[in-house]
Every structure is written in structure tokens, then in C-alpha cells.
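S.K.: Sequence and predicted structure are below.
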Amino acid sequence: MPSHVLVAANRGPLSYALSDDGELTARRGGGGLVSGLSAALAGRPEALWVCAALGDGDREAVRRGVSEPGVRMLDVPEQVYADAYNGIANSVLWFVHHHLYDIPTEPVFDAEFRRRWQAYEAYNLAFAEALAAEAAPGAAVLVQDYQLALVPGLLRERRPDLRIGHFTHTPWADPAYFRVLPAEVRERLLWGMLGADRLGFHTEGWAELFRRCAGPERLGRTAVAAYPLGVDGEELRRLAHRPEVDDRLAGLRAEVGGRRTVVRVDRTELSKNIVRGLLAYRELLVERPEWRGRVVHLASAYPSRQDLAVYRAYTERVAELAREINEEFGTADWQPVLVSVQDDFARSLAAYRMADVALVNPVRDGMNLVAKEIPVVSEAGCALVLSREAGAFPELGEDAFAVNPYDVSETAAALHAALSLPDPERAERTKRLAAAATALPPEAWFLRQLEDLLG
Ligand code: G6P
């Protein structure tokens, strides 16, 4: 049956793992996009989520016809998918929008890059064709993120009757940084995005950067607006009080003792700035020795994009630095940093509940939902140390300790101020942070876009 509301995203709500004995087990995907969209679509059984088969488990699920209702997985040829997802989306577009390149040596746009770009074209085309086939006349299609930037244009060519929206979950590049891309690639990306009737971003700042990259004369009939995704407070608190989270909490409490906690939870992601976060924590222990033995840093960095060598090296650097700090300062009864590199959502929620201070210091981030989740869940209220470069900053900055993510000393000083915040003020700030964090929960975020698209 044709669908009236469709979303398209690289990552689906679930991904399948294939065990040696051929069994498929489903797992929820990580990252802000999946958590926001899953929550938004939970009450919309009529919607269809079109996503890619990410690995062997997903491909096998497609072959066996195993799927969730409301989900269609596309089995794009493995090499095409790898070149599009790892080679272009994550190694080029992600780096451009987050300003991540180590400029003296990268990027290099050569013949190999152009070969991969063809794969990105093919992968976007596969989505456009599937959407064109599944959409009812006049249906609304909400395309997600930088992996699918060409889909609006390609879909409009095939189905001019559709209402097409696109939402970017990342930042958008500054115009000067965007010009790093080859001219034809820049043109093609803008052409693809401007095939939409409406473009959404998390903040007005990212929306404005897009407008400047496109230029006023090209924007034409495409509307560009901000929809700052928030969290569903009630649902999050319910999830955080399940028995398995209580178990993790008991375990963590035993490890931490009665000490204060600095909590962070991220994907092992270059833009999250985990290394400078650890350097700041080390500087805190050096400059403010009164905290030695009285604080524990709980850092969860769950694996992400480990097919890319720079991500593996970065993950290794995080683990190594945590080891160094523990060796340098640890005592018989105090381990200064507890790092977890497992994908353990229950443990992350338990850490949220224990948070006295939340550390969110990305170098650049579309939104950062963790900054919104921790104040909602923390039991005693938490002080938020927040990067000025996070998309969440315009909404939360006033009640946070603002930091320049490159300034380790400023971050160390902010950690000290946050740890020292008197309880009543911490409670007041947490209340305001939680209110701002829940201002536009996923369902309302999605509905508002849908209404604007159809309206
Ligand atoms: C960010 C991106 C999403 C992506 C998520 C997880 O939130 O904006 O598009 O799904 O990270 O990354 P991954 O590459 O594992 O899907």
C-alpha cells in the first residue's frame, strides 16, 4: 500500500547482527538521529521509514524478508554502500560540516574521490527510486541528513507531486570551509538540497550558514527554518528507571563511593572532543588538588564508525589518556576516570542519574542531545559544562558553564566552578535546563515539520 508519510534516513531504527550459527538479533541504532526519529514515529504506525542495510546482518535480514513493520531496508551493493557511507558521507561531508580536516595534509580530491562520489550518487539514487515507488500521490517525504543530500533533487525529478522536506542533523559548514569542496560537488549538493520544499536545521545559526552557502538568488522557493530537537522528558525518565538501569546504578555507586561525578556520554566521535575533555579533567586535578580523591569522571564512549582508521586511532587515544590519568593520580581506593567503550545504553542512563556535572564540549555539533538528556535525568541536579559550538548552546547556554572547546584551561576552570556550585543554585539551573531541553520533544518536532511541509 502506498504511504502518505515517509522518512528516509541512512540508519534505520534497528540494525541486525548475524551470529555464527546464522541467528539474527536486532539492536537499536545509536546517535541523535535514531533516538529522535524513533520517538517521533512511535505514535505513527502509518509512516514508512526507508533506510539502508548497514552490514551483513541487515543484508541477510533483507534476503530473508525479516523486517519491522513500517521499515523498508535497501540492500545497496556492499562496495557502493561502503564508498558512499565511509568514503564520502563520513570522510568528506561530515568533515566539512564539522570543520574537522587536518588542513596541511587533507582533504585531497583526486580521481579516487571522484570514483567514490559516483557511489554516493548511486546510493542517493537508490533512495530516491524507492521513495518514488512507495509514496502515495501528494505524500510528504522527510529526508534526513548529509548522507542523503541529493535525494530531494532526485526525487523531485521523478515525483513532482510530492511534498519534500530535508532535515540536517549536523552543523552546516561556514561558506569559506564549504568552498574546500570541488566546485561541481558543491553545486550538486546545493542542487540536491534545493530540490526540497523545506529545509530544516537544529539552529538558526546552521540555517543561516546554509542560506549563505546557497546565496539568495538560488534559494528560490525553498524555505529554510530551524527546528531545535528536544527530548521527551517523561519517556526518558521512564527508561532511566527500568530495573536494568537500577542494577547498573548500584554497580556504579559501589565504584564511585560517595564522590562527586563528572559525566560524559558520546559516540567515539572526533567532533565530540573527548581527548581535550580528558586533558581538562587532568588539568583540574593538577590545578585544584583539593578534588583529588573526591571526584570521579565517568566517560562512556560507545563505538562508532570503526571502519575508519582515524576513528580507531582516536578511540585508542581516549583509552590511553584515561589510563595515563589513572596511573598518574590513582590511589589504592580511588580511580579518577572510569571509561566504558561498550555500547551500553543502560549504563549511560545510570551515569546520567548520578551526574553532578555533565561535560559536553564538542568542537562543533548539530545539536547534542546528551546535553539535554542529562539535566532531565540527573537525580540531584547537575551543572552543565557546555561548548559554545554545540547546537544546544543557544537554548541551554544561559544556565550552563560555557566553554571554548579548544581551551583546556577554561574547561578545567569550568569543571571546578561546576563542581563547586552550591546545591540550591544547581537545582534552580537544572530545572531551567530541563524545561528548555523538553521544549520541542521529538513528536512535536516531527509534527511541526510535517505541518509546515503540508501547510
Ligand atoms: C549523527 C548523524 C546521524 C548518524 C549518527 C550516528 O547523529 O547526524 O546521521 O546516524 O550520528 O552515526 P552513524 O554513522 O553510526 O549512523
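M.R.: Structure's in. What do you need? Residues are numbered from 1 along each chain as shown.
S.K.: residues of stretch 292-310 that come out buried?
M.R.: Gly293, Val295, Val296, His297, Leu298, Ala299, Ser300, Ala301, Tyr302, Ser304, Arg305, Leu308 (16 or more other C-beta atoms under 10 Å). Quick note: C-beta positions are derived from backbone N, CA and C, even for glycine.
S.K.: contacting residues around the closest residue to the ligand within the stretch 51-200 of the chain?
M.R.: Using C-beta to the nearest ligand atom, the point where the stretch 51-200 of the chain gets nearest to the ligand is His169, with a distance of 3.5 Å. His169 sits next to Gly32, Leu33, Gly36, Gln144, Asp145, His202, Leu229, Gly366, Met367 when contact means C-beta atoms under 8 Å, 6 or more residues apart in numbering.
S.K.: Likewise for Arg282?
M.R.: By C-beta under 8 Å, 6+ apart, Arg282 lies in contact with Leu321, Ile325, Glu328, Phe329.
S.K.: per-domain residue ranges of this protein.
M.R.: 3-229+443-454, 233-437 (automatic domain parsing).
S.K.: So for Leu284, what's the nearest residue that isn't a sequence neighbour?
M.R.: Nearest non-adjacent residue to Leu284, counting by C-beta to C-beta, 6 or more residues apart in numbering: Ala412, 4.5 Å away.
S.K.: Specify the local secondary structure of the one you found.
M.R.: What DSSP: H, G, I helix; E, B strand; the rest coil gives for Ala412 is helix.
S.K.: can you check Asp266 too?
M.R.: Reduced to three states by three-state DSSP, Asp266 is strand.
S.K.: Give the bridge partners for it, please.
M.R.: The residues paired with Asp266 through beta bridges, assigned by DSSP bridges, are Ala301.
S.K.: what about it, how many neighbours?
M.R.: Residue crowding around Asp266 was assessed by other C-beta atoms under 10 Å; the count is 25.
S.K.: my guess is it meets Thr315, correct?
M.R.: No: under the criterion of C-beta atoms under 8 Å, Asp266 makes no contact with Thr315, lying 11.0 Å away.
S.K.: Touching both of those two, which residues are there?
M.R.: By the contact definition C-beta under 8 Å, 6+ apart, Asp266 and Thr315 are jointly contacted by Ala301.
S.K.: all helices of the stretch 201-350 of the chain, in order?
M.R.: 204-214, 216-219, 233-240, 243-256, 274-287, 309-329, 345-354 (DSSP state H, counting those that start in this stretch).
S.K.: Can I get the ones you listed in CSV including distance to the ligand and mean pLDDT?
M.R.: Supplementary listing: the helices of the stretch 201-350 of the chain in CSV, determined by distance: least, C-beta to the nearest ligand atom, whole Å; pLDDT from 0 to 100:
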stretch, distance to the ligand, mean pLDDT
helix 204-214, 12, 98
helix 216-219, 23, 93
helix 233-240, 17, 96
helix 243-256, 22, 98
helix 274-287, 15, 98
helix 309-329, 10, 97
helix 345-354, 14, 96
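S.K.: Go through these and pick out the most buried.
M.R.: Across the helices of the stretch 201-350 of the chain, the average number of neighbours (mean count of other C-beta atoms under 10 Å) peaks for helix 345-354, which reaches a mean of 23.
S.K.: Off-centre distance for the next helix or strand along the chain from that helix?
M.R.: In the C-terminal direction, the helix or strand that comes right after helix 345-354 (DSSP states H and E) is strand 357-360. Here strand 357-360 is found 16 Å from its chain centre; the criterion is C-alpha atoms, centre = their mean, to the nearest Å.
S.K.: now stretch 323-336
M.R.: If you compare the mean C-alpha spot of stretch 323-336 with that of the full chain, they lie 31 Å apart, counting by C-alpha atoms, centre = their mean.
S.K.: which parts of the chain sit against the ligand?
M.R.: Counting by C-beta under 6 Å from any ligand atom, the residues of the chain close to the ligand are Arg11, Gly30, Gly31, Gly32, Leu33, Asp145, His169, Thr170, Ser304, Arg305, Gly366.
S.K.: same thing but 5 Å
M.R.: Residues of the chain lying close to the ligand by C-beta under 5 Å from any ligand atom are Arg11, Gly31, Gly32, Leu33, Asp145, His169.
S.K.: mind listing what the fifth one touches?
M.R.: By C-beta under 8 Å, 6+ apart, the residues touching Asp145 are Ala9, Asn10, Leu33, Phe167, Thr168, His169, Thr170.
S.K.: can you redo the residues you listed as TSV with secondary structure, distance to Thr105 and pLDDT?
M.R.: Below are these laid out as TSV (DSSP: H, G, I helix; E, B strand; the rest coil; distance: C-beta to C-beta, whole Å; pLDDT from 0 to 100):
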residue	secondary structure	distance to Thr105	pLDDT
Ala9	coil	32	98
Asn10	coil	28	98
Leu33	helix	30	89
Phe167	strand	33	98
Thr168	strand	27	98
His169	coil	28	98
Thr170	coil	23	98
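S.K.: Show me which of those residues are buried.
M.R.: In terms of neighbour count (16+ other C-beta under 10 Å), the buried residues within the contacts of Asp145 are Ala9, Asn10, Leu33, Phe167, Thr168, His169, Thr170.
S.K.: Taking this structure, what residue is nearest to the ligand?
M.R.: Of all residues in the chain, Gly31 sits closest to the ligand, with a separation of 2.7 Å (C-beta to the nearest ligand atom).
S.K.: Go through the protein and flag its longest strand.
M.R.: Here the longest strand in the chain is taken by residue count, with DSSP state E as the criterion, and it is strand 135-144.
S.K.: Direction included, what does that strand pair against?
M.R.: Using DSSP bridges, strand 135-144 pairs in its sheet with strand 3-8 (parallel), strand 163-168 (parallel).
S.K.: Tell me how far the helix or strand containing Leu450 lies from the chain's centre.
M.R.: In this structure, Leu450 is located in helix 442-454 according to DSSP H and E. Taking C-alpha atoms, centre = their mean, the mean C-alpha location of helix 442-454 is offset from the chain mean by 20 Å.
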